[in-house]
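sequence? don't have it. structure:
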């Protein structure tokens, strides 16, 4: 992909240079043409002056008049030629100034080369394949020199898989040879990653040596990933925890000495996953990493209690399903984002005193009650995003916030009533079996995602949903997207909501036309529906957009020329468009509404248009397009 991007940039630069050269040639031709015109005009003027002087001489009496006429003729020639030279010089100057200005405009500004070294290193760190790193250096000469200073190692044992397991000896030889050939001339390593699927005593000893060599070369980012089937944890050597140049440390499937001393004074990112770590080691980690900004603990066992109050730079704290964790006590004024992901059988008390600047709060806590939620949220006046997932003890909650922008409630089974007074709320997401929103301010809302999984009281839930949707109809400008069973229906007018007869469906309410188009594109790319229907007026801009996008497509679209993975337009084998007038179930409006249905036959999924039941379409008069 990056090689193609580089070629595109080079081609664009070549085209610009060619266009500039063409313009210069045109200017030269015009110069020559104007020169010839000036010369011809000069000849005509000189000839006419000679004629007039001859006439004056012939008409005059005596030689004195003839000499006088000759003198006048020579002076006029000199004056005329000097004037012409001045005019030509002025025109030349003007044209040269225009050419210089054109060159300034045509010559592209190399903004890529002006990026700071740290940003370029960051971009290169996302490239996994060394070939891609080498290819991207064609973007700029400066990138080549930076690439020479950017050294990243990624050793993966999966590449040495055999039928019986993994060839450990070949893997050891490969890593040894690579490091022996490259490490000696290096002053610094940007990233060093080791991924193992099967370990042994011999391999563990070699891993210790490799890590020591990387730390001696001042490695910045270190990642150790051990994914043993027998769930054996790799014992990390002490030398890793005294690497003062480390800025990022990611450990997966590891364990640690209980008496270890940490001195990671420049560490900013710490991630520990699928590891065994006791409370004392965790406390030592916190004391030895004073500059940590991002801390993530995922599926870690043995912590017990987590108390954090000294990490003044910490902005993000995430705790995912840590077995045995009973207490989380955080007192950090600069904390911006907090996530706790628990399990139903694990009880964990959470205290976030002193985190008054918290903006993002995500909780998956089965033990969270209405009172605890109210006490927690009132402490954070700056909350902008709240996510509640599987908080099954929550029943009736009230959210009062002037700064809240995003709210997500997912699979909270016992939700009965939710009152939301958030005037700046712009995005709402809800997944559940009921419609709990009794009172809600939607003045600033721009998008609402509802996924209803109706199991009981279908008629009651449907009525509640229709009442909820009426609020959007009164507000105006909303589009309703229904997505169920590979069939998508979009309603542009919500003056009268149609009958909803699905047991499990997704509703998307969107106000921005640009977001509607983007969402349709996303649905066609991800779900490959059998039918896509639009209920709108015949002059709808959205209908015109869909017709142009779907019906006016090329046989071989050139939208994905530079990408291996093609978009949904490339996977359409055939599509039919059918339009129906609607007037029986929708109130009279200034324009009659019609339903336009696009029936797809996809190449990869082999959907047949004959599989589309006629019940999907209204039984009104049909207009085939």
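Done, it's in. Worth saying up front: this structure is predicted, and the values here are computed from it rather than measured.

tell me the contacts of the spatially closest residue to residue 396 that is not a sequence neighbour?
Closest residue to residue 396 apart from its sequence neighbours, by CB to CB, 6 or more residues apart in numbering: residue 417 at 4.5 Å. Backbone N, C-alpha and C define where each C-beta goes, glycine included. The contact partners of residue 417, taken as CB atoms under 8 Å, 6 or more residues apart in numbering, are 395, 396, 397, 436, 438.

tell me the spacing between residue 417 and residue 386.
For residue 417, the distance to residue 386 (CB to CB, to the nearest Å) stands at 17 Å.

most neighbours of all the contacts of residue 417, which one?
residue 397 (23 neighbours; other CB atoms under 10 Å).

just checking, next helix/strand downstream of the helix or strand containing it?
For residue 397, the host element (DSSP states H and E) is strand 396-400. The element immediately downstream of strand 396-400 (helix or strand, assigned by DSSP H and E) is strand 406-410.

pairing partners for that following strand, with directions?
Here strand 406-410 is paired, per DSSP bridges, with strand 385-389 (parallel), strand 427-432 (parallel).

which parts of the stretch 401-550 of the chain are strands?
406-410, 417-421, 427-432, 437-440, 447-453, 479-484, 487-491, 504-510, 531-537 (DSSP state E, counting those that start in this stretch).

typo on my end, the stretch 251-400 of the chain
254-255, 269-273, 294-298, 305-308, 316-320, 327-330, 337-341, 349-351, 360-364, 385-389, 396-400.

just put these in CSV and tack on distance to residue 114 and mean pLDDT.
Output for the strands of the stretch 251-400 of the chain, formatted as CSV (distance: least, CB to CB, whole Å; pLDDT from 0 to 100):
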stretch, distance to residue 114, mean pLDDT
strand 254-255, 40, 91
strand 269-273, 27, 95
strand 294-298, 28, 96
strand 305-308, 40, 93
strand 316-320, 30, 95
strand 327-330, 41, 92
strand 337-341, 32, 95
strand 349-351, 46, 89
strand 360-364, 33, 93
strand 385-389, 34, 94
strand 396-400, 45, 89
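
now these in a markdown table, with distance to residue 487?
Below are the strands of the stretch 251-400 of the chain laid out as a markdown table (distance: least, CB to CB, whole Å):
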| stretch | distance to residue 487 |
| --- | --- |
| strand 254-255 | 49 |
| strand 269-273 | 40 |
| strand 294-298 | 38 |
| strand 305-308 | 48 |
| strand 316-320 | 36 |
| strand 327-330 | 45 |
| strand 337-341 | 34 |
| strand 349-351 | 43 |
| strand 360-364 | 32 |
| strand 385-389 | 28 |
| strand 396-400 | 34 |
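
which one of those strands lies closest to residue 489?
Closest approach to residue 489 among the strands of the stretch 251-400 of the chain is made by strand 385-389 (28.5 Å; CB to CB).

contacts for the closest one?
By CB under 8 Å, 6+ apart, the list of residues contacting strand 385-389 from outside reads 341, 359-364, 368, 373, 377, 394, 399, 404-412.

on that earlier part again, take the strands paired with strand 406-410 and write them to TSV, including distance to residue 164 and mean neighbour count.
Putting the strands paired with strand 406-410 into TSV (distance: least, CB to CB, whole Å; neighbours: other CB atoms under 10 Å) gives the following:
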stretch	distance to residue 164	mean neighbour count
strand 385-389	42	18
strand 427-432	45	18
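
mind putting those into CSV with distance to residue 275?
Formatted as CSV, these follow (distance: least, CB to CB, whole Å):
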stretch, distance to residue 275
strand 385-389, 24
strand 427-432, 31
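
dump the residue contacts of the residue nearest to residue 536 when sequence neighbours are not counted.
Nearest in space to residue 536, with sequence neighbours left out and distances taken as CB to CB, 6+ apart, is residue 492 at 4.0 Å. Residue 492 sits next to 479, 534, 535, 536, 537, 540, 542 when contact means CB under 8 Å, 6+ apart.

one more time with 7 Å, if that's ok
Taking CB atoms under 7 Å, 6 or more residues apart in numbering, we find residue 492 in contact with 479, 535, 536, 540, 542.

residue contacts, the fourth one?
What that stands for is residue 540. When contacts are counted by CB under 7 Å, 6+ apart, residue 540 touches residue 492.

check the last one too.
Taking CB under 7 Å, 6+ apart as the definition of contact, the neighbours of residue 542 are 492, 513, 516, 534, 536.

please name whichever of these scores lowest on pLDDT.
Ranked by pLDDT, the contacts of residue 542 bottom out at residue 513 (83).

can you list the low-confidence ranges for the stretch 351-500 of the chain?
In the predicted model of the stretch 351-500 of the chain, residues 496-500 satisfy pLDDT under 70.

ok, residue 353 - how many residues close by?
Counted with other CB under 10 Å, residue 353 comes out at 11.

what about the nearest residue to it once chain neighbours are set aside, neighbour count?
Spatial nearest neighbour of residue 353, excluding adjacent residues (CB to CB, 6+ apart): residue 331 at 5.4 Å. As a burial measure, residue 331 scores 14 neighbours (other CB under 10 Å).

and residue 331, how far is that from residue 309?
4 Å.

same question for residue 482.
From residue 482 to residue 309 the distance is 49 Å (CB to CB).

out of the two, which sits in the busier spot?
Counted by other CB under 10 Å, residue 482 and residue 309 do not tie: residue 482 has more neighbours, with 17 against 12.

the more buried one: what's it in contact with?
488, 489, 505, 507.

next, count neighbours for the third one.
When counting by other CB under 10 Å, one arrives at 19 neighbours for residue 505.

beta partners of the closest residue to it other than its chain neighbours?
In space, residue 505 comes closest to residue 484 once its chain neighbours are excluded; the distance is 3.7 Å by CB to CB, 6+ apart. Residue 484 has these beta-bridge partners by DSSP bridges: residue 487.

surely residue 484 touches residue 508?
No - look at residue 484 against residue 508 with CB atoms under 7 Å: they stay out of range, at 11.6 Å.

those two: which is more packed in?
residue 508 (21 against 17).

and that one, bridged to which residues?
Residue 508 forms beta bridges with residue 449, residue 481, as assigned by DSSP bridges.

and residue 404, how many neighbours?
Quick note: residue 404 (other CB under 10 Å) scores 22 neighbours.

how much space between it and residue 218?
Residue 404 is 44 Å from residue 218, by CB to CB.

what does residue 433 give?
56 Å.

ok, residue 520 next?
50 Å.

and the residue nearest to residue 396, how far from residue 440?
Taking CB to CB, one finds residue 417 at 11 Å from residue 440.

more neighbours: which of residue 520 and residue 218?
Under the criterion of other CB under 10 Å, the comparison of residue 520 against residue 218 puts residue 520 first, with 23 against 15.

can you read off the pLDDT for residue 300?
Predicted confidence (pLDDT) for residue 300: 92.

the nearest residue to it once chain neighbours are set aside: neighbour count?
Closest residue to residue 300 apart from its sequence neighbours, by CB to CB, 6+ apart: residue 322 at 4.8 Å. By the criterion of other CB under 10 Å, residue 322 has 24 neighbours.

tell me which residues touch residue 322, please.
297, 299, 300, 303.

now for the residues you listed: which two are most distant?
299 and 303 (11.3 Å).

so these two - more neighbours on which side?
Legend: neighbour count by other CB under 10 Å for residue 299 and residue 303, higher for residue 303 (23 against 15).

show the backbone phi and psi for the more buried one.
Main-chain torsions, residue 303, degrees, to the nearest 10: phi -70, psi -50.

I figured residue 288 hits residue 262, correct?
Yes - between residue 288 and residue 262 there is a contact at 2.6 Å, judged by CB under 7 Å.

shared neighbours of the two, which are they?
Common contacts of residue 288 and residue 262 (CB under 7 Å, 6+ apart): residue 241.

can you tell me how far the residue nearest to residue 536 sits from residue 475?
Distance from residue 492 to residue 475, by CB to CB: 14 Å.

residue 345 too?
Counting by CB to CB, the gap from residue 345 to residue 475 is 43 Å.
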